[in-house]
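Novice: A structural model of the following input is requested.
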Amino acid sequence: MATGSETAGSGAPAPAPNRRNVRLWLAGTSVSLFGDAALWIALGIWMKDLTDSNGAAGLAFAAYVLPRLGAPFLGLVVDRYRRRPLIALINFALAGWVCLAFLVHDKDQAWLLYLVLFGIGLGVGMHNAAGSALLTRLVPAEELGPTNALMRTLQEGGMLVAPAVGAALYTWVGPRAVAGLEVVTFLACALCVLAVKVDEPEPQRPDGKLAQELLAGVRHLGRTPQLRAVSVAMGLGLLGFGFIETLIYAVADEGLHRSASFVGVLTVVKGVGSVLGGLAGVRVLKRMGPGREAMLTVFGLGTMGLGCALLVLPGVVAALAGVFVIGLGIPGAVVGLYTSVQRNSPDRLQGRVASAASMLATAPQVLAVFTSAALVASVDFRVLLGVMTVLVLGGSGYLALRMRGFPAAPRPTPAQPHSAPAAAE
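Specialist: Next comes the predicted model:
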């Protein structure tokens, strides 16, 4: 059972970082995320074409994110096996799972697309949790933040290109070509991960009841002041930021008097901001040093809140500036959360704590999507943008105030390159 006194990275210390291993890990994860993004947009379009229903197409997103609510179970599985072979096995299995899409020919088989997306969401959730844990064995503690920021930059860069690639393949070749691309990316990721050389400790056997083991990650988040504060801040911030999924269409239509296709322009500009924000995060974390990752979440949420405020202003320039500034802040907010998890969690709980943090950050965002969709027809979108701004800035302000009581993080010593500050009781 997790306690507040357990330290991060418990177990055998990791060796000095091997750049080849890190490059292989980054390459495999990036190509897999690229394939996921291309497939998700293509399957949504395919569902719309098969059923001629916007509701059916919208449920594609729900099928993809629903497995994330099973975070305690996903994290427990991750913590029971060595992470490198588990990630490779997950990607091999997903490569086969995607082939179910080849069986779809008309609307009678459309339900298979939901099944495909549910399975991918489940596998990606496990991959992310296991990957967060594995990274603590690949790089020393002081390099976790910059490496996470670099990974986020690569992810955002892929997100700029992947939807266009998925839509183009769907239009020119057909949906099965996109499914085939996803198969290739899963296989490529599995092979890259297998090529990584890493010394992983033997996973510890369960030492408590199943319910205790399942909730160990959530309990650790709640009992560790740093993680509790950053999780609450991200939950509050994303409760507001989730409004953007609906309000961005209102900004384009009611605010700018443009067609819905202009949302694509805004999305690209946001993506450019995210790439630059990720690159900036690498440099900022190197200057800040280890133990100050939560401050990056403060900056990230604060920047996102500023971008949300700009969207209230009239005009195309303000809208473009707003989404660009939002994009700048996203990588910092996310990287600060997950690096804090990695540095303040014991090795035996890394998977469960990462899964719990993901669930606690995702659930408010999903709630906000449904809430804003219900309100936007009856409430002026500028009012909702104001609420969104207050919530996002509120998350940043809350964490900034809480950080005053955080203990300073000691520098890792050469003898223990993976040491981290003890989580306070």
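Novice: so how far is the biggest helix by length in the chain off the chain centroid?
Specialist: Longest helix of the chain, by residue count under DSSP state H: helix 19-51. With Cα atoms, centre = their mean, to the nearest Å as the basis, helix 19-51 stands 13 Å off its chain's centre.
Novice: just stretch 144-162 next, same as before
Specialist: Averaging C-alpha coordinates over stretch 144-162 and over its chain gives two centres that are 10 Å apart (Cα atoms, centre = their mean).
Novice: ditto for stretch 136-143
Specialist: Distance of stretch 136-143 from its chain centroid, counting by Cα atoms, centre = their mean, is 19 Å.
Novice: quick one: terminal-to-terminal distance for it?
Specialist: Stretch 136-143 stretches 9 Å from its first residue to its last (Cα to Cα, to the nearest Å).
Novice: would Ala377 count as being in a strand?
Specialist: No. Per DSSP: H, G, I helix; E, B strand; the rest coil, Ala377 lies outside any strand segment and is coil.
Novice: coming back round to it: which other helices and strands contact the longest helix of the chain?
Specialist: If contacts are counted by 3 or more Cβ pairs under 8 Å, 6 or more residues apart in numbering; DSSP states H and E, helix 19-51 sits against helix 54-65, helix 111-138, helix 144-172, helix 175-194. C-betas here are computed from N, CA, C, even on glycine.
Novice: Could you look over the ones you listed and pick the most buried one?
Specialist: Comparing those by mean neighbour count (mean count of other Cβ atoms under 10 Å), helix 111-138 ranks first with a mean of 23.
Novice: what's the offset of it from the middle of its chain?
Specialist: In terms of Cα atoms, centre = their mean, the gap separating the centre of helix 111-138 from the centre of its chain is 11 Å.
Novice: list the buried ones in the longest helix of the chain?
Specialist: Within helix 19-51, the residues that qualify as buried are 21-22, 24-48, 50, counting by 16 or more other Cβ atoms under 10 Å.
Novice: repeat for stretch 319-326
Specialist: Of the residues in stretch 319-326, those buried by neighbour count under the rule 16+ other Cβ under 10 Å are 319-326.
Novice: gap between that stretch and the chain center?
Specialist: Taking mean C-alpha positions (Cα atoms, centre = their mean), stretch 319-326 and its chain are 21 Å apart.
Novice: ok, now stretch 215-234?
Specialist: Offset of stretch 215-234 from its chain centre (Cα atoms, centre = their mean): 17 Å.
Novice: Quick one: end-to-end distance for that stretch.
Specialist: Separation of the first and last residues of stretch 215-234 by Cα to Cα is 20 Å.
Novice: Over to stretch 131-146?
Specialist: Between the opening and closing residues of stretch 131-146 lies a distance of 15 Å (Cα to Cα).
Novice: and that stretch, what's its mean pLDDT?
Specialist: pLDDT averaged over stretch 131-146 equals 77, rounded to a whole number.
Novice: I'd like the numbering to begin with 794 instead of 1 from here.
Specialist: In the new numbering, first residue 794, that becomes stretch 924-939.
Novice: For the stretch 944-1093 of the chain, give me the ranges with low pLDDT.
Specialist: 956, 997-1001, 1003-1004, 1052-1054, 1056-1057, 1078-1079, 1081-1084 (pLDDT under 70).
Novice: quick one, helices of it?
Specialist: 968-987, 1003-1007, 1009-1016, 1018-1034, 1037-1043, 1055-1081, 1086-1103 (DSSP state H, counting those that start in this stretch).
Novice: so can I have JSON lines of those showing distance to Thr940?
Specialist: Shown next, in JSON lines, are those (distance: least, Cβ to Cβ, whole Å):
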{"stretch": "helix 968-987", "distance to Thr940": "15"}
{"stretch": "helix 1003-1007", "distance to Thr940": "29"}
{"stretch": "helix 1009-1016", "distance to Thr940": "22"}
{"stretch": "helix 1018-1034", "distance to Thr940": "18"}
{"stretch": "helix 1037-1043", "distance to Thr940": "28"}
{"stretch": "helix 1055-1081", "distance to Thr940": "8"}
{"stretch": "helix 1086-1103", "distance to Thr940": "12"}
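Novice: Nearest to Ala1166, out of those?
Specialist: In this view, the helices of the stretch 944-1093 of the chain are compared for proximity to Ala1166 by Cβ to Cβ, and helix 1037-1043 is the closest at 4.9 Å.
Novice: List of residues touching that closest one?
Specialist: By Cβ atoms under 8 Å, 6 or more residues apart in numbering, the residues outside helix 1037-1043 that reach it are 1053, 1056, 1059-1060, 1101, 1104, 1116, 1119, 1161-1162, 1165-1166, 1169, 1174, 1177-1178, 1181.
Novice: follow-up on the earlier one: wait, which of the helices and strands packed on helix 812-844 is closest to Ala1087?
Specialist: Among these, if distance is taken as Cβ to Cβ, the winner is helix 937-965, at 10.6 Å.
Novice: list the helices and strands that closest one packs on?
Specialist: helix 812-844, helix 904-931, helix 968-987, helix 1055-1081, helix 1086-1103, helix 1109-1136.
Novice: redo that, cut-off 7 Å
Specialist: Counting contacts by 3 or more Cβ pairs under 7 Å, 6 or more residues apart in numbering; DSSP states H and E, helix 937-965 packs against helix 812-844, helix 904-931, helix 968-987, helix 1055-1081, helix 1109-1136.
Novice: could you give the mean pLDDT of the longest one?
Specialist: Predicted confidence along helix 812-844 averages 80 (mean pLDDT).
Novice: Next, the angle helix 937-965 makes with that helix.
Specialist: 40 degrees (axes from the mean of the first three to the mean of the last three Cα atoms, to 10 degrees).
Novice: Repeat that for the third one.
Specialist: With the same axes, to 10 degrees as the criterion, the two stretches helix 968-987 and helix 937-965 enclose an angle of 160 degrees.
Novice: And for helix 968-987, what's in contact with it?
Specialist: 817-818, 820-822, 824-825, 827-828, 831-832, 835, 839, 877, 880-881, 884-885, 887-888, 891-892, 894-895, 959, 962-963 (Cβ atoms under 7 Å, 6 or more residues apart in numbering).
Novice: again, only using 6 Å
Specialist: Contact partners of helix 968-987, identified using Cβ atoms under 6 Å, 6 or more residues apart in numbering, comprise 817, 820-821, 824-825, 828, 831-832, 835, 839, 880-881, 884-885, 887-888, 891, 894-895, 959, 962-963.
Novice: No further questions, thank you.
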